[in-house]
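Novice: Fold the following, please.
(chains A and B)
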Amino acid sequence: MKKTLLISLAALLAGSAAFAQETPAKFKLYGFIRNYFIADTREVNAGTNDLYFYMPKDHKMENGVDLNEGFNWRYLSLTTRLGLDVSGYKFGSMNLSGKVEADFYSLSGTSTSAIVPQLRLRQAYVKLDWDESPLALTLGQAWHPVAVDLPHITNLESGAPFNPFSRTPQVTADVNLGGGFSLTASLLYLNHFLPTGPNGKSVEYYKYGLPEFYVGFGYKGSKLVAKAGLDMVNMRPYRTYDNKFAKGLLTTFSPFVYLQFTDGKFQLRAKSILAQAGEHMNLLSGYGVASYNASSNTFTYTPMQDWASFVSFQYGKKVQVMGTLGYFKQLGTTADLMDVTNMFWMNTAADARIQQAFRATPTIAWNIGKFTVSLEYNLTAAEFGRGNRNARGIYDGTPEWIMNHRFICMTKFTF
Amino acid sequence: MRKTLLVGLIAALAAMCAGTVSAQQKVETPSKFKVYGFVRNYLVFDTHEVSAGTQDLYFYMPKDRKLVDGVDQNANMSFRMLALTSRLGLSFSGYRIGDLQVSGAVEGDFYCMSGSTAAFRMRQAYASLLWDNLELGDLTLNVGQTWHPLAADMPHITNLETGAPFNPFNRSPQIMAHWAVGKFTWTGGILYPMQYLPVGPTQSTSPVWNASEEQYEPKTTYSTTKSGDFAKYGLIPEVYLGVSFQHKGFLARAGVNFFSIMPRWQAPQVRVVSEETKELAFNYDILSENKARLFALSPFLFLQFTHGSFQIRAKSILAQSGEHLNLLSGYAATYNWSKHVLEYTPMQDWASFVSFQWGKKFQVMCMAGYMQQLGTTRTVFAHRATERLNTIWLNTAADNKIQRAVRATPTLAYNLGKLTFALEYNCTAAWFGEGDRNVGGLYDTGHWVLNHRVEQMIRFNF
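Specialist: So this is what the prediction gives:
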């Protein structure tokens, strides 16, 4: 490893050779125009004008009638995407490529009249590699290494919260170990996908903590791709408390494994993650205070553990059949919570009472050259906890399942 | 001078007319387009809480101390790593019709935060109209949003704020003419504020319970706001006049900026407490629209010398009410004793920097900046802590108690073709006033607060 890094450093410096040849970059504009027609059978927690579907809402009972039941629909061209790929630039032995990608995702205006779609940054990164070097660096905002492999699904949420979903600013090193094996290590920060805490969703907890760290191994063969990795977060939920600097970091470890098998037109993917406080990856998770030492103003925190998994497949080329099955379950915090009511924070993207959920999404897609029409049915059932949370953050009453049926028709012209 | 400008204007109009007529006979040369931009990643550490924008990347000033039991709660480390401010632009050139050549650019970056997502924001959108080889030189007319002439020359620095508030920072919609005659270029035009706005008074009225009368009564509260309305109702555009001299590696610019706004607001009636002691107070029960106008003049000087891979730049501006240039400035209310009306007096700032850059592949850079508020040009009206209305309106981008500041930014950059690695240390010390302001709008006592910022930047230009 040390040798690899030395070689890479030498390659980096070699790039500065006085007679380094410069090859100009090539540009490629790409993107798509995407329309979604979506209908739900009940109210849902969802973002971007309800396109980014997260979970069904709980009952809202009035005189015995659930006011959250009822058909609703929307038809939108939001999330239409534009990107610019830069490739081919070479300076000495150093090769550079890059990407700037955005979509019409954010809505400008006030919270009650946000109506004008704005271009939102999805990715902006540069990739560096060197001739004869096994090292490649990614610098900028790109997919989180835990989230990058997505299930076969056409709806916008791409499997969340059964699959991690995050793009973050990062410095990622990929080392080719030979024989199809690779090592990946990253330092990550936050941009769009934020952790929760005492002040709601905020980047502040990272700002006063340490960088997120990821390390993983991968294998890529002719048909099989396998990855295993560990994500580590060290953040500071309380910067100050009781008008004094607070001590203590939330430290979490989230291991995951991913498998992909491809044979001709058939592809199978499966991922499983045991996430601790994974709400910054858009999982239905969180954390709380385990103990507090008033004399030293020190907090210890305990993360909620989530097991989130999916398996999905795709078959065909012109006519494609796809399907995803997802399941997640909250397993409770790793230690007893000190104050379940006031010092326990869960992802606010959905109802915090949801303890486990299931999703199935059979899909049919028809590809006519660069034009795609797809029909997807999304069955999502969520278990809402009742009663009170116990010391591990799990509800002690008899839970209740609530279901939503979503029907999606998507058209996409890729250019 | 007046005659020269008149001749230039006539020449430009004649050239426009000639271009229009001849366009019917002449072939039109199409535009060429070029996509450009960069991916930029910042990793930034601070030792103190800071007033800064765009997820703390646009560093303005340290925050004041927040003392609790003798401990400054704002003195703590923080970091962030972001690919915000990555940029995309489209430039066009080569278009020609008759004697007129047109070029320009549309440029944006991912800068604004819409919730927690980074949204695309327009930086520049302008067309540059050129009539060259006129009898009296080349005439260029820039129409659209681009750099303010006062801000266009920047110090050698890699952090996002590029010298603000020691250097003016502003891109504005403008119509700006550049008339190049030999080594001199005469510049003049009008501007309007867009993103970088002046501050001013605002008020809101809400019902407050009156216990003695046992009823709700309207109560007006006042605050400082940034708004384009102050210029909108001012009707007079911002005006810039300047001249540049360029010879070999030497460049010098001098100019003056005229800015006039009308902050329309419901001002409380002024009550004369004592003619002898010149004591005044507000009567908040009687409000009337104030239509006084603020006038501000800001002269500046810029020098640049380039020799090989060495370049040195220096700029100094004596700004009046320069907050729309992102300087730490503003204005205050003053009382006209002869007319018995409430008027405005600008806060004067002296902001300066000197910076250099040396090297091509390895670059060493450094900027030293200093700014100081010099006080208002006239006596500030009855500024008392007990008044509901603060009669001084200063830039809200940082703590308005900051009266002077100094910044030093030694930088090392390593360029590998179009890829740049830079490491910059930014030491900024700000002096915060304490107690009440004096009649010049300044504090007599204060304390220094220091922030150390270490910033690493990686940029790939394309």
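
Novice: mind showing which ranges of the chain have poor pLDDT?
Specialist: The chain I'm using is chain A. Along chain A, segments meeting pLDDT under 70 span A:1-19, A:109-114.

Novice: Chain B, not that one
Specialist: Residues of chain B that meet the criterion pLDDT under 70 lie in B:1-26, B:382-386.

Novice: can you do 50?
Specialist: Along chain B, segments meeting pLDDT under 50 span B:1-2, B:4-5, B:17, B:19-23.

Novice: Write out the residues of the stretch 1-150 of chain A neighbouring chain B.
Specialist: Residues of the stretch 1-150 of chain A lying close to chain B by CB under 8 Å from any CB of the partner chain are A:12, A:15-16, A:20, A:22, A:25, A:27, A:29, A:84, A:86, A:89, A:91-92, A:94, A:96, A:98-100, A:102, A:105-108, A:118-121, A:124-126, A:128, A:139-141. Every residue, glycine included, has its C-beta placed from N, CA and C.

Novice: Identify the residues contacting residue 401.
Specialist: Because you didn't say which chain, this covers chain A. If you count contacts by CB atoms under 8 Å, 6 or more residues apart in numbering or on different chains, residue A:401 has them with A:381, A:382, A:383, A:384.

Novice: wrong chain, I was asking about chain B
Specialist: For residue B:401, the residues meeting the contact criterion (CB under 8 Å, 6+ apart) are B:64, B:432, B:433, B:434, B:443, B:446.

Novice: So which of those belong to strands?
Specialist: Counting by DSSP state E, the members of the contacts of residue B:401 that fall within strands are B:432, B:433, B:434, B:443, B:446.

Novice: From the centroid of the chain, which residue is nearest?
Specialist: Because you didn't say which chain, this covers chain A. Nearest to the mean C-alpha position of chain A, counting by CA atoms, centre = their mean, stands residue A:165 at 1.1 Å.

Novice: Hmm, no, I was thinking of chain B.
Specialist: residue B:325 (1.6 Å).

Novice: burial of the nearest residue in space to it that is not next to it in sequence, as a residue count?
Specialist: Nearest residue to residue B:325, sequence neighbours excluded (CB to CB, 6 or more residues apart in numbering or on different chains): residue B:168, at 3.7 Å. Here the count is done by other CB atoms under 10 Å in any protein chain shown, and residue B:168 has 28 residues near it.

Novice: Contacts for stretch B:351-365, please.
Specialist: By CB under 8 Å, 6+ apart, the list of residues contacting stretch B:351-365 from outside reads A:16, B:155-158, B:163, B:165-168, B:309-317, B:319, B:322, B:327, B:366-371, B:409-416.

Novice: Could you list which of the residues you listed belong to strands?
Specialist: The members of the contacts of stretch B:351-365 that map onto strands under DSSP E are B:310-317, B:319, B:366-371, B:411-416.

Novice: Filter the residues you listed down to just the buried residues.
Specialist: B:311, B:313-317, B:319, B:366-371, B:411-416 (16 or more other CB atoms under 10 Å in any protein chain shown).

Novice: Of the residues you listed, which ones also sit close to chain A?
Specialist: Restricting these to those within reach of chain A (CB under 8 Å from any CB) leaves B:414, B:416.

Novice: Please, which helix or strand holds residue B:338?
Specialist: Residue B:338 belongs to no helix or strand when elements are defined using DSSP states H and E.

Novice: could you measure it against residue B:262, distance?
Specialist: 21 Å (CB to CB, to the nearest Å).

Novice: more crowded one of these two?
Specialist: Comparing residue B:338 with residue B:262 by neighbour count (other CB under 10 Å), the higher total belongs to residue B:262, at 20 against 5.

Novice: for residue B:121, what are its contacts?
Specialist: Contact analysis of residue B:121 by CB under 8 Å, 6+ apart lists B:108, B:109, B:110, B:111, B:112.

Novice: neighbour-wise, which of those residues leads?
Specialist: Ranking the contacts of residue B:121 using other CB under 10 Å puts residue B:110 first, with 28 neighbours.

Novice: quick check, the one helix or strand it maps to touching chain A?
Specialist: Residue B:110 belongs to strand B:100-114 when assigned by DSSP H and E. Yes - Strand B:100-114 comes into contact with chain A when judged by CB under 8 Å from any CB, the residues involved being B:110, B:114.

Novice: That strand: partners in the sheet, and parallel or antiparallel?
Specialist: When sheet partners are counted by DSSP bridges, strand B:100-114 sits next to strand B:87-97 (antiparallel), strand B:117-134 (antiparallel).

Novice: Make JSON lines out of those and add distance to residue A:369.
Specialist: Below are the strands paired with strand B:100-114 laid out as JSON lines (distance: least, CB to CB, whole Å):
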{"stretch": "strand B:87-97", "distance to residue A:369": "28"}
{"stretch": "strand B:117-134", "distance to residue A:369": "29"}
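
Novice: and residue A:334, which of the ones you listed is closest to it?
Specialist: When these are compared for distance to residue A:334 using CB to CB, the nearest one is strand B:117-134, at 31.5 Å.

Novice: CA atoms only for the closest one, dumped as PDB, please.
Specialist: Taking only C-alpha atoms (Å, rounded to 0.1, in the frame of the first residue of the first chain), the coordinates of strand B:117-134 have been written out as PDB:
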ATOM      1  CA  THR B 117     -29.500  21.600  -2.500                       C
ATOM      2  CA  ALA B 118     -27.100  23.700  -4.600                       C
ATOM      3  CA  ALA B 119     -29.000  25.700  -7.300                       C
ATOM      4  CA  PHE B 120     -27.600  27.200 -10.400                       C
ATOM      5  CA  ARG B 121     -27.200  31.000 -10.300                       C
ATOM      6  CA  MET B 122     -26.400  33.500 -13.100                       C
ATOM      7  CA  ARG B 123     -23.000  35.200 -12.700                       C
ATOM      8  CA  GLN B 124     -22.700  37.000 -16.000                       C
ATOM      9  CA  ALA B 125     -24.800  37.400 -19.100                       C
ATOM     10  CA  TYR B 126     -23.600  40.200 -21.400                       C
ATOM     11  CA  ALA B 127     -23.000  41.100 -25.000                       C
ATOM     12  CA  SER B 128     -20.000  43.000 -25.900                       C
ATOM     13  CA  LEU B 129     -20.400  45.300 -29.000                       C
ATOM     14  CA  LEU B 130     -17.200  46.400 -30.700                       C
ATOM     15  CA  TRP B 131     -16.600  49.000 -33.400                       C
ATOM     16  CA  ASP B 132     -12.900  48.900 -34.100                       C
ATOM     17  CA  ASN B 133     -10.700  51.100 -36.100                       C
ATOM     18  CA  LEU B 134     -12.900  54.100 -35.800                       C
END
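
Novice: downstream neighbour of that strand in the secondary structure list?
Specialist: The element immediately downstream of strand B:117-134 (helix or strand, assigned by DSSP H and E) is strand B:137-147.
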